[in-house]
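Colleague: What would the 3D arrangement of this be:
(2 chains)
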Amino acid sequence: MSEQDTFTQLPLQMDPQTKAISSIGPSSRALTAELEALNNMHRSLLTLDTPFGFPPPPVPVHPKRSAMVTKFRDSGNDHFKKGKFPDAIKHYTLGLQAALSRPLWEPGQLCREEVTGLYSNRAQAHMGLRNWPQGAVDAEASVEAKKMGNAKAWWRRGKCLIEMGRLEEAKVWVKRGLEIESGEKDLMELMREIERRAGRAE
Amino acid sequence: MWSFDMDLMGLALPLAYAVVLATSLYTFSTVYRKRKAARAANLAPWFPTHLQRNVYLSLLHLEPQEKQPKVPNSVLRAALLRRAVEDIHRIIKIRTAKQACSTLLQRGSVGDDLWQRFQRAEKDMEEELRDVVMEANALGSNWGQIIFQSAHEIASNTTLRQRLEEIQAQTDAEKAWWEGQRAAIEKELLAGSDNDNTVSKGKSPAPKSATSDEEAVLVEAISTSTPAVSIPAIPATPAGLKKKKGKK
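Modeller: Got it, this is the predicted structure:
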């Protein structure tokens, strides 16, 4: 009757060795992409060490990976304080890799928290090296992961854009930041700087 | 006796009238209902085909053939999890659409068809969720209780990672653009004396650089081909000066 009672039998086959699923004959792009995602999901399920073979509930989280991420962030911070920016960037990058390779069924919120701090710190380290483009991109990524309560990252991208001379872009960005972090002192200061520079340009 | 006959004859006409009325009303209502049901069944579904569901059920019904062993449960679990993730996306879409849809219907901005399609999608969704929970329980003890929690996290994690990848993918283009900028600024500083010319030239394309990254790349291409035009030359000059000092 309704669609729930029927389904379309797709021409699928399985590799007996690898258990990889593929489709027989020509297939649409969506199906190919879906099967690839399925095989990836299968592989990550196989790495599970739970006795049942399905992902455990999101909480509690396995503490090992969080500890690793924290370690990388702390060592990155140490290098940053000593002014060794390239080393700091390296450690933050390692931390990011650890945080982003977290299994997908673990809490997304946790991943966001970790990633946002790491990107923001890496942006700061890039700014220390005057790598404005990388700093701008990292700060944007940090904001993407966490918009509220992330004034530092908003400020950092704004600053990088100013340094690259993209005042219009910086203005739009900082304005958006102020909509979310209204009354943030540093952001307001940055806005005034943009206006000052824009005024001087004219 | 005569009068009784008269009564029968007199009744025949109203009775015939009532019968005709009743039958015509009945036929009208049945035909109308049938047509309405047929139309509702023919309405386009709210969502496109549920690919993940088809994959899962196809795998479930895959016949073990020559040198084709039975599909292991781990693959079925992965397929079911993919299906649950797609269901999460659909639930979110339905929830966000519901408010808007009912408001539009009340105002008469959308037709009844749309509302019917929506309600059918909602009903199908409920059945789909029940089905997934049942399948999950069959594949692992009490998995049905947590499969949607996991699916929800997978959905949100996937979108976050996609966005971050998109943002990070800009890095190379941004770097290339900035290198071009820096070269242009340095050239301008070396030129030194005819600063006034470059400033006046630099003004017109300046807003361009501030729109999007694709355009930024484009602008960079322009600036390298015609080195005299340095785009945001005016504000960048002091920064460029500072930067040089910092490097030395």
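Colleague: what about A:Cys111, distance to chain B?
Modeller: Distance of A:Cys111 to chain B, given as CB to the nearest CB, to the nearest Å: 6 Å. Where C-beta positions appear, they are placed from N, C-alpha and C, glycine not excepted.
Colleague: Any idea how many residues pack against that residue?
Modeller: With neighbours defined by other CB atoms under 10 Å in any protein chain shown, the count for A:Cys111 comes to 24.
Colleague: just B:Trp178 next, same as before
Modeller: Per other CB under 10 Å, the neighbour tally for B:Trp178 reads 22.
Colleague: what does A:Ser142 give?
Modeller: Neighbours around A:Ser142, by other CB under 10 Å: 28.
Colleague: remind me which residues of the chain are low pLDDT?
Modeller: I'll assume chain A. Where chain A drops to pLDDT under 70, the residues are A:1-4, A:51.
Colleague: look at chain B instead
Modeller: For chain B (pLDDT under 70), the answer is B:1-7, B:66-68, B:192-248.
Colleague: Going by the annotation, which residue ranges form each domain of it?
Modeller: B:10-42, B:47-63+B:70-197 (automatic domain parsing).
Colleague: can you tell which of those domains is closest to chain A?
Modeller: Closest approach to chain A among the domains of chain B is made by domain B:47-63+B:70-197 (3.7 Å; CB to the nearest CB).
Colleague: residues of stretch A:39-49 that come out buried?
Modeller: For stretch A:39-49, the buried set under the neighbour-count rule, 16 or more other CB atoms under 10 Å in any protein chain shown, comprises A:Asn39, A:Met41, A:His42, A:Leu45, A:Leu48.
Colleague: so which strand or helix has the residue positioned nearest the centre of chain B?
Modeller: The centre of chain B sits closest to B:Lys93, judged by CA atoms, centre = their mean, with a distance of 7.5 Å. For B:Lys93, the host element (DSSP states H and E) is helix B:73-107.
Colleague: Would you mind writing the CA trace of the longest helix anywhere in chain A as CSV?
Modeller: Using DSSP state H to define each element, chain A has its longest helix at helix A:108-128. Below are the C-alpha coordinates for helix A:108-128, written out as CSV (Å, rounded to 0.1, in the frame of the first residue of the first chain):
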residue,chain,number,x,y,z
GLY,A,108,29.7,15.6,18.3
GLN,A,109,29.6,18.3,20.9
LEU,A,110,32.8,17.0,22.5
CYS,A,111,34.5,17.0,19.1
ARG,A,112,33.4,20.6,18.5
GLU,A,113,34.8,21.8,21.8
GLU,A,114,38.2,20.2,21.1
VAL,A,115,38.4,21.3,17.5
THR,A,116,37.4,24.9,18.2
GLY,A,117,40.2,25.4,20.7
LEU,A,118,42.8,23.8,18.6
TYR,A,119,41.9,25.7,15.5
SER,A,120,41.8,29.0,17.4
ASN,A,121,45.2,28.3,19.0
ARG,A,122,46.7,27.3,15.6
ALA,A,123,45.3,30.5,14.1
GLN,A,124,47.1,32.4,16.9
ALA,A,125,50.4,30.6,16.2
HIS,A,126,50.0,31.4,12.4
MET,A,127,49.5,35.0,13.3
GLY,A,128,52.7,34.9,15.3
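Colleague: list the buried ones in that helix?
Modeller: So helix A:108-128, judged by 16+ other CB under 10 Å, has buried residues A:108, A:110-128.
Colleague: Then stretch B:157-173?
Modeller: Buried residues in stretch B:157-173 (16+ other CB under 10 Å): B:Asn157, B:Leu160, B:Arg161, B:Leu164, B:Ile167, B:Gln168, B:Gln170, B:Thr171, B:Ala173.
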